[in-house]
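In: Below are the sequence and a predicted model for it; my questions follow.
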Amino acid sequence: MVMDSKKKRFDLYSLLLSVVYVALGLVLIIWPDTSARAICSALGVLLLLAGGFHVISYFMQSHYSSMIRQSLTIGLVLLLLGAFILLRTDDILKAMPFVFGILLVIDSATKVQAAFDLRRLQAPYWYAALLIGIVTAILGIILVVNPFTAIVVLNIFIGASLIINAVSNLISSILLSHKYKSMDNAEHWDP
C-alpha cells in the first residue's frame, strides 16, 4: 500500500513536471525574443519573495525552531540568488543553453536507465524509451555545444527540446506504469 502511494505521487510529479516543461517550451517557441528575459525576471522575483518569506519566518519562529530550520540562512541565500538573477540577466541568458543542455543530458541518462529497466522487465516497446533517451541526450549535447548565435533561434530550440523531453517523460511513465500494473496483477493471481 505504501508503494502504491509513492508510485502515485511519483506519477503525479512526473505529470506536473511534464506540463511545466510543455508550458515553458511553448512560451519559448511562441515568444522567443522576450520569453527568456521574462522567465529570468520572474525567477528572480520569485526567489526574492521566497527569501523574504524565509527571513520573516525566522524572526517569527521560536529560537529552537529557527535554529533547526535555518530559515535565515536559506532566506539570505535566496535573496542573494534572486538579486543576482535580476541584476545579471544577460549573463544568465548566456549560460541558459549550457544549463538546459546539462539538465537534458542528465535527464536522458535516467531515460536510458528506465529503458534498460523496462527491457529487464520484458516490457514491450522498451526500445521507444531508449530512443527517446538518446534523442534527449543529443538535444542536450547540442545545447551544451551551443552552435547558435541568435538568441531567438536558441530559445526556439530550447523550447522544442523541453517539449520533446516532456513528451518522452510521459511516454516513459506510461510504459513503466503499465508494466508495474501487469506485474502487480500477475503477483495477485499466482498461487
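Out: Arrived safely, thanks for sending.
In: Mind jotting down where the strands sit in the chain?
Out: For the chain, applying DSSP state E gives no strands.
In: longest helix in the protein, by residue count?
Out: helix 151-189 (DSSP state H).
In: Which residues outside stretch 47-54 are in contact with it?
Out: Outside stretch 47-54, the residues within contact range by Cβ atoms under 8 Å, 6 or more residues apart in numbering are 71-72, 74-83, 85-86. Backbone N, C-alpha and C define where each C-beta goes, glycine included.
In: got any ranges where the protein has weak pLDDT?
Out: For the chain, the stretches with pLDDT under 70 are 1-10, 63-69, 147-151, 179-180, 183-191.
In: Could you pull out the helices in it for me?
Out: With DSSP H as the criterion, the chain has helices at 2-30, 32-60, 63-69, 71-87, 89-120, 126-145, 151-189.
In: now the ones you listed as JSON lines including mean neighbour count?
Out: Output for these, formatted as JSON lines (neighbours: other Cβ atoms under 10 Å):
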{"stretch": "helix 2-30", "mean neighbour count": "14"}
{"stretch": "helix 32-60", "mean neighbour count": "16"}
{"stretch": "helix 63-69", "mean neighbour count": "11"}
{"stretch": "helix 71-87", "mean neighbour count": "16"}
{"stretch": "helix 89-120", "mean neighbour count": "17"}
{"stretch": "helix 126-145", "mean neighbour count": "18"}
{"stretch": "helix 151-189", "mean neighbour count": "17"}
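In: Can you tell me what sits against stretch 120-140?
Out: 100-112, 114-116, 118-119, 161, 164-165, 168, 171-172, 175-176, 178-179, 183.
In: let's see it at 7 Å
Out: Applying Cβ atoms under 7 Å, 6 or more residues apart in numbering, the set of residues contacting stretch 120-140 from outside is 101-102, 104-105, 107-108, 111-112, 114-115, 118-119, 161, 164-165, 168, 171-172, 175, 179.
In: Kindly export that stretch (C-alpha atoms) in PDB.
Out: Below are the C-alpha coordinates for stretch 120-140, written out as PDB (Å, rounded to 0.1, in the frame of the first residue of the first chain):
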ATOM      1  CA  ARG A 120      14.800  -6.400 -18.000                       C
ATOM      2  CA  LEU A 121      11.100  -6.500 -17.100                       C
ATOM      3  CA  GLN A 122      10.500  -7.700 -20.600                       C
ATOM      4  CA  ALA A 123       8.200  -4.800 -21.400                       C
ATOM      5  CA  PRO A 124       7.200  -4.300 -25.000                       C
ATOM      6  CA  TYR A 125       8.400  -1.100 -26.600                       C
ATOM      7  CA  TRP A 126      11.300  -0.600 -24.200                       C
ATOM      8  CA  TYR A 127      13.300   0.500 -27.200                       C
ATOM      9  CA  ALA A 128      11.000   3.500 -27.500                       C
ATOM     10  CA  ALA A 129      12.200   4.800 -24.200                       C
ATOM     11  CA  LEU A 130      15.800   4.100 -25.200                       C
ATOM     12  CA  LEU A 131      15.300   6.000 -28.400                       C
ATOM     13  CA  ILE A 132      13.700   8.900 -26.500                       C
ATOM     14  CA  GLY A 133      16.700   8.900 -24.100                       C
ATOM     15  CA  ILE A 134      19.200   9.000 -27.000                       C
ATOM     16  CA  VAL A 135      17.300  11.900 -28.700                       C
ATOM     17  CA  THR A 136      17.100  13.800 -25.500                       C
ATOM     18  CA  ALA A 137      20.900  13.300 -25.000                       C
ATOM     19  CA  ILE A 138      21.600  14.600 -28.500                       C
ATOM     20  CA  LEU A 139      19.500  17.700 -27.900                       C
ATOM     21  CA  GLY A 140      21.300  18.300 -24.600                       C
END
